[in-house]
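> sequence first, then the predicted structure:
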Amino acid sequence: MAEHLIYQGIDIIDSVEVGIASYDTIADCTQADTLRLTFSTKDDGWANWRPVIDDTAEYKRDGASTGLMYVYDFDVQKTYTTLYMSSMPPAVSAPANQSKKWEKIYLSQIGGDIAGKYGMVFELMQMEDIFYDAKQVNKGQSDASFLGELAKQEGAVLVFYDGRIIMASEAEMESQEPVFVMDMEGTTYDCVDKSDSAYGKATVKSGAYVGTFEVREGGELSVPGIRVSSEAEAIRAAKGNLRNANKNLATMSVTTKIVPELTAGITMKLEGEKPAGWNGTLYAYRIRHEWHNNQTVVFLRKPLEGY
């Protein structure tokens, strides 16, 4: 088992012994990847060692890598240390001291401005570089919150990974051909399907602009508090928020032996004994690797159709 813990640019794995390693990869618009490591020290040289918020680390094991992670919390005891890390720098979630407004600007430029503040780069994947008449981060709002709301409005996921901020079309990701077949033998699973309660349409009202997006009969989702500067943007916001409200109504979690190469944002199929109605392509929106338990937990959902 190849294992490395690169802390502040130095591989310290020979000085520690990792007991708990839990890594969540997440493809959504509200959360970044997280890593929890608990380790004991092997020599007295670490007796006075103490991590610092915003320290960087990368954990590699069994061919998988977390990419660059940032410490946002820690617990130092006499015999062990626990690090809590995220792929998003802590400053990205800090409230803004003042408002920031853009006019006549593309999505890639907004993302690039924000990413550049934290020494990161911004990438668009499988989606249009949208033009906005105006966009604004309000005082007290974090850049993470602003980008997350923007991703939701555009029906996208927001992924922080290895110094990059990636925004990608969620519908495009869900429509990929399956890249993995999971054998259900020896697994445990839990599933819920509330698809019948899905909203049929959503409406966004912002000043003089009103946008409605409808996919079927059903209840209507009213989306308050969104600022748009055109009818087209209002319709996209209605579509994106309808997707966000409906996408997690049919979900399943599957616990299997560890498969460290799996990452969130992929599609897969289940093979073998499985619950009725869970055939075909499924989308993995979250994957948790627990090396200390020798298991991977895959969080799946049924892709939405048409939006």
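Thanks, I have the structure now.
> pull the number of nearby residues for the closest residue to Gly272 other than its chain neighbours.
With sequence-adjacent residues excluded and distances taken as CB to CB, 6 or more residues apart in numbering, Gly272 is closest to Met184, at 3.9 Å. Heads up, the C-betas are built off the backbone N, CA and C, glycines and all. Counted with other CB atoms under 10 Å, the neighbours of Met184 add up to 16.
> what's the pLDDT at Met184?
What the model reports for Met184 is a pLDDT of 96.
> ok, it touching Met268?
No: using CB atoms under 8 Å, Met184 is not in contact with Met268, being 11.4 Å away.
> now name the helix or strand holding Cys32.
To be clear, residue 32 is Ala; Cys isn't right here. Ala32 is part of no helix or strand when elements are defined by DSSP states H and E.
> look up how far Thr281 lies from the closest residue to it other than its chain neighbours.
Excluding the flanking residues, the one nearest Ala32 by CB to CB, 6+ apart is Met88, at 3.8 Å. Applying CB to CB, to the nearest Å, the value for Met88 to Thr281 is 29 Å.
> before we move on, the earlier item: check the gap between the residue nearest to Ala32 and Glu174 for me.
Distance from Met88 to Glu174, counting by CB to CB: 23 Å.
> looking at these two, which has the bigger crowd around it?
Met88 (25 against 22).
> that one touches Ala144, doesn't it?
Yes: in this structure Met88 lies within contact range of Ala144 using CB under 8 Å: 6.4 Å.
> low-confidence ranges, the stretch 1-150 of the chain, go.
1, 43-48 (pLDDT under 70).
> next up, the contacts around the residue nearest to Gly272.
Neighbour list for Met184: Val254, Leu270, Glu271, Gly272, Glu273, Lys274 [criterion: CB atoms under 8 Å, 6 or more residues apart in numbering].
> go again using 7 Å as the cut-off
Leu270, Glu271, Gly272, Glu273, Lys274 (CB atoms under 7 Å, 6 or more residues apart in numbering).
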